[in-house]
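> quick one, what's the 3D model for this:
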Amino acid sequence: MRISRLLICVFAVAAVFTGGCVQQETEVFSFVFEKRHAPARGRAGLTLPRDVLKRVAKEAKLGERLGYTQEQMAHFASDKFCLGIVKRLFRDVASVPDYSGRIARALMAYSKNPGLVARVSYILMDVRAGAGVEPPADDDWGLDAITDGATPAEALEALLVEEADETSIAEFKQLPTSQQKLFVRLLIASVVSAPFVRKAFDLDQLADAVMAKDITTVPSRELYSLATGPWETSNCPRESFEIMDELDLAYLSFSAVMYHKYVSAALAEYGEKNLPKIARLFGRLDFNTLAGPVSICDTSNSEIADNRALVLDLGGSDSYTGITAVPRNLANPISTVVDLGGDDRYVNEDDKAAIACGLFGMGSIYDLAGDDLYHNEESGIGSAWRYRSRDGLRRKRQVSHRLLMEPGRRSLRSGHPHRP
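Next up, the predicted model:
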């Protein structure tokens, strides 16, 4: 697997996943947030011996700990950009390697549960939402518009915004029921989560910033220049900072946890069927749904160049060459690729924010098997830009987050916008 120059507005994880449970949640919170002093490996192993740190603090006349006192940290009480975890760590610098190491190990250990990883990640940013979200199961579709016990084809028709052609519906019905159900559950995950993504933004403020009558129809690609304005222009547009000041992380957290719990449950349910892959060739089925334009691709080697709200690829070594898994607009703020297998290529060297980028929404790639290649010239998978406007300063920091289980074999790529 090769990944190069990955930047902007993305919270990213790579994972193999199954459904989550309360026990897992309790374990990961205990593992991350309880203070420990056991021997550690990796980053946590960089912790200096306590006796050495005490001698340093004593020689420097800093008291028992190497860090700021509670009184000194009180100066940051009104700074909303200073996270609670950071404040606590600054009181004891020696705890930083151990704590950050435990966070990394926990996210790796529980990467099979993306919903939990998303929730823990937002908690680290002082945001708590989504704990009680439970995805539908069995004959429950989790949407009032679809009656319990409805067939997948009936559920799909309830999600269409325009009537599909008879050939596409007939081909859909020929798929194994497990694949039909997976596709519909993925659609529902997007439909129920999207409203919470929109609530995270001040839509009127965004509309004023780009002089649009209806911000929900403005392509996210056009909003990219607004998000990157502090670095792309010399006049440092005020709106670029103001939209982030009004961003509601609680809604983003809830939508992220909900969406990934729904998707994880759907994939776990599909995996439990343990059905052999089919070799039925039908090319590609397209539908226009409440989640946006969506597609199912067969097991042949497909080339997918257009951005869809959802692509379910049943197999084959596929090539994704266009804008892939990037939100289309705020009307359809979630875009996902679920690829069940094959040696796939996700390559776009021409466009910025082109692959699994959380550009005013969520962008995800769930690739379950194969030796895959990812490449985006700028603002793609697994990275973020953070900035702050205090004292008129412009600061840009590029951050790359990669948590891989079995590199090159199974992965999840997911993007969420977050506060700078």
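
> every contact and neighbour count from this point should use C-alpha atoms.
OK.

> any weak-confidence spans in this structure?
1-47, 63-65, 77-81, 232-235, 272-280, 382-420 (pLDDT under 70).

> and the contacts of the longest strand seen in it?
Secondary structure of the chain read by DSSP state E shows that its longest strand is strand 345-352. Strand 345-352 has contacts (CA atoms under 8 Å, 6 or more residues apart in numbering) with 317-324, 354-355, 372-380.

> can we see that at 6 Å?
319-321, 372-379 (CA atoms under 6 Å, 6 or more residues apart in numbering).

> okay, now the sheet partners of that strand, with direction.
strand 319-320 (parallel), strand 373-378 (parallel) (DSSP bridges).

> any idea how far the residue lying farthest from the centre of the chain is from residue 300?
Relative to the centre of the chain, the most outlying C-alpha is that of residue 59, 46.0 Å out, by CA atoms, centre = their mean. Distance from residue 59 to residue 300, counting by CA to CA, to the nearest Å: 69 Å.

> quick one, helices of the protein?
22-33, 50-59, 70-73, 84-90, 95-109, 114-123, 152-159, 166-174, 177-199, 203-210, 220-227, 229-232, 238-245, 249-273 (DSSP state H).

> mind putting these into CSV with distance to residue 333?
Formatted as CSV, those follow (distance: least, CA to CA, whole Å):
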stretch, distance to residue 333
helix 22-33, 27
helix 50-59, 48
helix 70-73, 38
helix 84-90, 30
helix 95-109, 25
helix 114-123, 17
helix 152-159, 16
helix 166-174, 25
helix 177-199, 6
helix 203-210, 13
helix 220-227, 9
helix 229-232, 21
helix 238-245, 16
helix 249-273, 11
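
> of all these, which one is nearest residue 294?
helix 177-199 (8.5 Å; CA to CA).

> now that closest one and helix 152-159, what's the angle there?
20 degrees (axes from the mean of the first three to the mean of the last three CA atoms, to 10 degrees).

> give me every residue that touches residue 204.
Contacts of residue 204 (CA under 6 Å, 6+ apart): none.

> list the residues that contact residue 145.
With contact taken as CA under 6 Å, 6+ apart, residue 145 is in contact with no other residue.

> ok, it to residue 155 distance?
Going from residue 145 to residue 155 by CA to CA gives 9 Å.

> what of residue 222?
33 Å.

> looking at these two, which one has more neighbours?
For residue 222 versus residue 155, the count of surrounding residues by other CA atoms under 10 Å is larger for residue 155: 22 against 11.

> check contacts around that one.
When contacts are counted by CA under 6 Å, 6+ apart, residue 155 touches residue 146.

> let's see that with 10 Å instead.
Applying CA atoms under 10 Å, 6 or more residues apart in numbering, we find residue 155 in contact with 141, 143, 145-149, 180-181, 184-185, 188.

> okay, these in CSV with distance to residue 72 next?
Formatted as CSV, the contacts of residue 155 follow (distance: CA to CA, whole Å):
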residue, distance to residue 72
141, 53
143, 51
145, 55
146, 57
147, 59
148, 58
149, 61
180, 59
181, 56
184, 54
185, 51
188, 49
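
> now the buried members of those.
With neighbours counted using 16 or more other CA atoms under 10 Å, the contacts of residue 155 contain these buried positions: 141, 146, 180-181, 184-185, 188.

> among the helices of the chain, which comes closest to residue 281?
With distances scored as CA to CA, the stretch of these nearest to residue 281 is helix 166-174 (9.9 Å).

> starting at the chain centroid, how far to the longest strand of the chain?
Between the centre of strand 345-352 and the centre of its chain there are 19 Å (CA atoms, centre = their mean, to the nearest Å).

> that strand relative to helix 220-227, how many degrees between them?
60 degrees.

> mind listing what's buried in strand 345-352?
Residues of strand 345-352 classed as buried by neighbour count (16+ other CA under 10 Å): 345-348, 352.

> quick one: end-to-end length of stretch 117-132, please.
Chord length of stretch 117-132, first to last residue, is 15 Å (CA to CA).

> make that stretch 86-98, sorry
Start and end residues of stretch 86-98 are separated by 14 Å (CA to CA).

> please state the offset of that stretch from the chain centre?
That offset, for stretch 86-98, works out to 27 Å (CA atoms, centre = their mean).

> name the residues of that stretch that come out as buried.
87-91, 94-98.

> what of stretch 312-331?
Those would be 312-331, for stretch 312-331 by 16+ other CA under 10 Å.

> which residues touch residue 207?
Taking CA under 10 Å, 6+ apart as the contact definition, residue 207 lies against 213-216, 218.

> mind doing that once more with 8 Å?
Taking CA under 8 Å, 6+ apart, one finds 213-215 in contact with residue 207.

> same question for residue 319.
Neighbouring residues of residue 319 by CA under 8 Å, 6+ apart: 301-304, 344-347.

> distance of it relative to residue 112?
Residue 319 sits 26 Å away from residue 112, going by CA to CA.

> go on, residue 173?
Residue 173 is 31 Å from residue 112, where distance means CA to CA.

> what of residue 381?
For residue 381, the distance to residue 112 - CA to CA - is 19 Å.

> same thing with residue 119?
13 Å.

> what does residue 313 give?
From residue 313 to residue 112 the distance is 21 Å (CA to CA).

> same question, residue 334
Here residue 334 is placed at a distance of 21 Å from residue 112 (CA to CA).

> what about those two, which has more around it?
A count of neighbours by other CA under 10 Å puts residue 334 above the other of residue 334 and residue 112, at 33 against 21.

> follow-up on the earlier one: out of the contacts of residue 155, who's nearest residue 246?
The closest of the contacts of residue 155 to residue 246 turns out to be residue 188 (CA to CA; 28.0 Å).

> please tell me I have it right and the closest one contacts residue 144.
No. Between residue 188 and residue 144 there is no contact under CA atoms under 8 Å: 10.9 Å.

> hey, C-alpha coordinates of stretch 180-197 in PDB?
This file holds the C-alpha atoms of stretch 180-197, laid out as PDB (Å, rounded to 0.1, in the frame of the first residue of the first chain):
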ATOM      1  CA  GLN A 180     -29.700  -6.700  -1.100                       C
ATOM      2  CA  LYS A 181     -30.100  -6.200   2.700                       C
ATOM      3  CA  LEU A 182     -26.500  -4.900   3.100                       C
ATOM      4  CA  PHE A 183     -27.100  -2.300   0.400                       C
ATOM      5  CA  VAL A 184     -30.300  -1.100   1.900                       C
ATOM      6  CA  ARG A 185     -28.900  -0.900   5.400                       C
ATOM      7  CA  LEU A 186     -25.900   1.200   4.100                       C
ATOM      8  CA  LEU A 187     -28.400   3.500   2.500                       C
ATOM      9  CA  ILE A 188     -30.400   3.800   5.700                       C
ATOM     10  CA  ALA A 189     -27.300   4.600   7.700                       C
ATOM     11  CA  SER A 190     -26.700   7.600   5.500                       C
ATOM     12  CA  VAL A 191     -30.400   8.700   5.500                       C
ATOM     13  CA  VAL A 192     -30.700   8.700   9.300                       C
ATOM     14  CA  SER A 193     -27.300  10.300  10.000                       C
ATOM     15  CA  ALA A 194     -27.300  13.100   7.400                       C
ATOM     16  CA  PRO A 195     -29.700  15.400   9.300                       C
ATOM     17  CA  PHE A 196     -27.300  15.500  12.300                       C
ATOM     18  CA  VAL A 197     -24.400  16.400  10.000                       C
END
